[in-house]
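**Student:** any chance you can model this:
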Amino acid sequence: MEKGAFPNHSNNIEHLQRRVSRLRRLATKYKRAEIIQNALLEISNIATQAISLDAFYKGVHSHLQSLIHADNFFIAFFDNQTGTISLPFFADEKDPHPSELYPDEEISSLLERGITGYVLKTGEPLFCNERRFNELVEEGKIDGLGSPCLQWLGVPIKHNNHVSGVLVVQSYSDDIIYGELELELMGFICHHISGVMERLRHNEELEIAIIERTKELSEAYDKVKLEVTERVKAEKLQKSLFQIADLSASDVTQAEFYPQIHQVISQLLPADNCFIALVHKPSQTLSFPFYVSQMNAEAPKPRALKDGLTEYILKHQQPLLLNQQDIKRMITAGEIYGSNPDLNHTQTMKQWIGIPLFIHGEIAGGLTIYSLTDKNSFATKDLELLTFVSQHIANAIERKLAAEQLKRSYEQLEDKVEKRTKAIAEINDNLQRQIMQRKKIEAQLVYDAKHDNLTGLPNRSFFMERLSQAIKHVRRHQNEQFSLLFIDLDGFKQINDTLGHLEGDRFLIETSTRLKMCIRDNDTLARLGGDEFVILLDSIHQHRDAEDVCERILQAIAEPYTLAQQQVISGASIGVAYSSVNTSDNSESVLRNADTAMYQAKSKGKGCYVVFDQKTEYSFNQRIALEQDFLHALERNEIIVELTPIVTFDQSHILAYEPISYWHHPNEGKIDNHQLKALAEQTQSMMMLEDYIFQYIDQHYQALANGLGDNIHFHIPLSSQHIKHKYGLRSLKNTIKRSRICATKLWVFFHEKSFVQDSTNHISAFESLTEMGVNIGINGYGTGYSSLSSLSFLPIKALKLDADVSQHLLNEKQLQLAKAYQLIAQTLGFDMYAEGINTSEQKQSLSKLGYSQGQGNVFSIVNIVLTDHNDVKEAVS
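**Tutor:** Just a heads-up that it's a prediction; the model follows:
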């Protein structure tokens with residue numbers, strides 16, 4: 001062997017070993033690259049096939065398990081918007097989900113304190129063994145949570161250079177070791193799945209948003225559909241009422257009238273089986289002007305009143321809804337068909353509705369519908385609807401019968417006119433008779449021009465002429481005197497509102513008759529208008545003569561009146577003025593003196609008379625001074641405001657508060673809310689008073705909110721003066737905008753009579769205020785008689801029954817009217833409140849009619865007093 005051969009051979013072997021080692025590293029590198037490439041391709045496939053984040057997480061976990069040991073694997077997600085950490089995927093051999101392991105702690109706070117939160121904060125991969133884990137705990141950088149592991153590998157998931165999550169694997173066994181390959185592999189996976197996770201998360205959020213929006217749209221559609229259904233029902237009912245009214249005024253015959261009434265009923269309810277029965281009281285018989293049945297039975301002949309179902313509702317005067325079992329029970333009890341079983345044809349009936357018909361408050365007949373199959377079933381609401389419509393049907397029948405009676409009267413009148421014409425033709429040659437007849441007519445015209453059409457009494461024009469003559473006479477004959485009585489009736493408005501204008505006219509006619517009986521033939525009784533009468537007592541000897549007449553008048557008027565078949569009590573207030581020789585007196589001044597004395601009598605409590613003198617004049621001047629003091633009190637903020645509660649009838653819930661104002665006058669004492677409003681009306685300052693009340697509540701609103709809570713609502717009654725012109729409405733809107741009170745908690749109520757008198761301005765104002773979020777209501781309901789059609793299209797939410805209606809539920813007609821008001825509110829979806837409930841009897845009556853909320857002295861809840869110290873306290877109302 002040559003020298004140096006062995007060293008060269010050794011170098012070659014070393015060189016070859018280095019090349020083998022480099023090739024092995026390259027092979028390992030290429031193997032890693034291949035593993036990573038295949039992993040990324042597989043993850044790409046998983047991302048393409050995954051329809052949700054859960055499916056994607058499971059796919060990543062499954063694939064990762066095929067590459068490394070990943071039985072203990074979880075993904076944490078950080079939400080940049082909320083700053084919270086969630087754990088959408090978790091798999092562990094030892095520990096349950098952290099929410100189960102630490103049930104009392106929030107998952108986000110838990111993860112933030114642990115090693116997962118540490119990686120999220122640093123944004124760097126962390127390869128941690130047991131020793132490193134303990135060092136981090138001792139340094140206070142993490143909390144030791146869960147079971148201890150031997151190795152923990154966490155790699156941050158980044159999106160747009162922001163950490164959005166962490167991918168974690170951990171090992172509890174010495175056999176499972178993580179190295180650079182696992183770190184590199186998870187790093188590549190995190191780099192490529194961040195975009196996929198963001199896309200899938202965005203898709204899930206989008207799907208959730210779509211589902212929520214679809215649900216909202218569906219609920220909105222259902223709500224609109226329900227509102228449309230209710231409006232259609234209301235319009236259908238209104239249309240039916242109009243059709244009934246048109247029928248009553250039409251020229252159709254009786255044979256056509258009842259079938260058309262049946263068509264109207266059929267629009268509201270199934271009425272294939274229907275009949276109308278009318279009672280003829282003189283003969284005590286029952287007739288059937290209309291009858292239709294699916295059994296093709298003939299209409300019953302007129303018969304005597306017996307003990308059938310129809311007679312049962314006529315006897316009890318109450319609507320009834322019966323089923324087959326009810327009818328059988330009544331037959332067994334002998335309530336029906338006991339004496340006349342031949343009338344019983346109810347075996348095939350499934351349901352039966354009978355409604356009594358009232359004309360002028362008396363039973364006049366009945367309306368009946370029934371079903372023979374289960375297909376057409378009736379409910380309580382159908383009974384209530386038919387009861388409401390039946391009142392209009394009864395009125396239509398009454399008008400139709402009256403029209404037919406009037407037609408017969410016209411025919412008789414035409415026959416008489418024809419005979420009279422012939423008689424006049426026979427005596428046409430007697431011109432003198434015609435001239436006398438013409439003079440009588442002219443005299444009648446002159447009479448009519450100076451007399452009241454209703455009572456036949458002298459009118460104002462005629463009376464003022466007689467008064468002027470009397471003044472001239474006493475000036476010429478100074479030893480003579482006369483007296484003037486100014487009479488105002490008490491309770492006339494209530495009679496008109498509750499019993500109707502026809503009964504109000506009868507009341508005035510009866511009153512004029514009673515007044516005539518109290519005076520002499522040479523005295524003059526006149527009607528000035530409305531419920532005001534005047535009497536000129538001519539040539540009296542002493543003042544006591546006039547006072548005797550006043551006492552007779554008060555006694556006569558106090559006697560009960562019979563109106564609408566019930567007893568009505570009235571009264572009168574009388575002002576007395578005597579003649580004088582003062583040359584400045586004239587007819588107007590004497591009448592004014594008597595009028596002033598009459599108002600003084602009213603202020604004393606009505607039912608009395610007052611003689612005009614210097615003291616009376618002083619009282620009149622005092623009233624003027626009171627009005628001036630009232631205006632000054634407004635300017636000096638001396639008006640006090642209390643809040644009276646509006647409650648449910650069981651007083652379990654206060655719904656809102658209504659402001660009640662009063663004033664302590666230094667001389668007159670306490671001026672209550674009613675007197676204040678009267679003063680405001682007299683002084684044309686109603687808007688000033690209402691603005692004062694609103695600002696008073698607004699000034700104390702914070703104290704109210706502190707004492708009663710933020711959710712208090714206010715019911716504020718407003719006069720129509722605020723909306724009669726655009727400047728008033730603009731001022732009201734600006735006041736509301738500047739107020740501390742949220743518009744949605746503010747309810748403003750306008751009086752029904754004002755709305756009926758000027759509906760155009762009210763409707764425009766309602767729409768404008770509703771756009772601001774203010775709730776609109778109508779108070780004084782039942783006094784203005786607004787139509788259903790106007791109510792159904794108004795943006796109002798509540799009605800308040802007038803106190804006069806609540807306090808005068810004295811007979812069946814008034815109860816039915818109050819029930820109709822409640823049904824209207826229920827049909828149109830309005831809140832219904834009753835005002836002025838002062839007794840438990842009134843509350844009980846209203847409760848039976850369906851009312852459940854209102855206000856008045858009967859409720860034990862105290863008022864809220866607003867003080868000048870910007871706090872609130874309770875006080876007995």
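**Student:** tell me the contacts of Lys733?
**Tutor:** For Lys733, the contacting residues are Ser768, Leu769, Met772, by CB atoms under 8 Å, 6 or more residues apart in numbering. C-beta here means a position set from N, CA and C on the backbone, and glycine is covered the same way.
**Student:** redo those residues as CSV? Include pLDDT, distance to Leu167 and neighbour count.
**Tutor:** Written out in CSV, the entries for those read as follows (pLDDT from 0 to 100; distance: CB to CB, whole Å; neighbours: other CB atoms under 10 Å):
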residue, pLDDT, distance to Leu167, neighbour count
Ser768, 90, 61, 17
Leu769, 91, 60, 24
Met772, 92, 55, 12
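**Student:** now, which of those sits nearest Asn496?
**Tutor:** Distances from the contacts of Lys733 to Asn496 were compared by CB to CB; the smallest belongs to Leu769, at 31.4 Å.
**Student:** quick one: secondary structure of that closest one?
**Tutor:** Secondary structure assignment for Leu769 (DSSP: H, G, I helix; E, B strand; the rest coil): helix.
**Student:** go ahead and confirm it touches Val748.
**Tutor:** Yes: with contacts counted by CB atoms under 8 Å, Leu769 reaches Val748, the gap being 6.7 Å.
**Student:** could you tell me which residues touch both of those two?
**Tutor:** Contact criterion CB under 8 Å, 6+ apart; residues shared by Leu769 and Val748: Ile776.
**Student:** that older thread, of the contacts of Lys733, just say which sits nearest to Ser847.
**Tutor:** Of all the contacts of Lys733, Ser847 sits closest to Leu769, with 31.9 Å by CB to CB.
**Student:** look up how far Leu828 lies from the closest one.
**Tutor:** Leu769 is 19 Å from Leu828, where distance means CB to CB, to the nearest Å.
**Student:** ditto for Asn711
**Tutor:** Using CB to CB, one obtains 26 Å as the distance from Asn711 to Leu828.
**Student:** these two: who's more crowded?
**Tutor:** Leu828 (20 against 8; other CB atoms under 10 Å).
**Student:** can you tell me how far the more buried one is from His61?
**Tutor:** Leu828 sits at a distance of 61 Å from His61 (criterion: CB to CB).
**Student:** go on, Glu681?
**Tutor:** From Glu681 over to His61 the distance is 83 Å, taken as CB to CB.
**Student:** how about Ser852?
**Tutor:** The spacing between Ser852 and His61, counted by CB to CB, is 61 Å.
**Student:** give me the more crowded residue out of those two.
**Tutor:** In this comparison of Ser852 against His61, neighbours counted by other CB under 10 Å, the higher total goes to His61 at 18 against 14.
**Student:** which residue comes closest to the more buried one once chain neighbours are left out?
**Tutor:** Taking CB to CB, 6 or more residues apart in numbering, and ignoring the residues beside it in sequence, His61 has Phe73 as its nearest neighbour in space, at 5.4 Å.
**Student:** residues near that neighbour, how many?
**Tutor:** Neighbouring residues of Phe73 were enumerated by other CB under 10 Å; the total is 20.
**Student:** got the contact list for it?
**Tutor:** Contacts for Phe73 (CB under 8 Å, 6+ apart) come out as His61, Leu64, Gln65, Phe89, Ala91, Val168, Val169.
**Student:** can I have the buried ones of these as a PyMOL selection?
**Tutor:** Command for PyMOL that selects the buried part of those, burial taken from 16 or more other CB atoms under 10 Å:
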select buried, resi 61+64+89+91+168+169
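**Student:** among the contacts of Phe73, which are located in helices?
**Tutor:** Of these, the ones assigned to helices by DSSP state H are His61, Leu64, Gln65.
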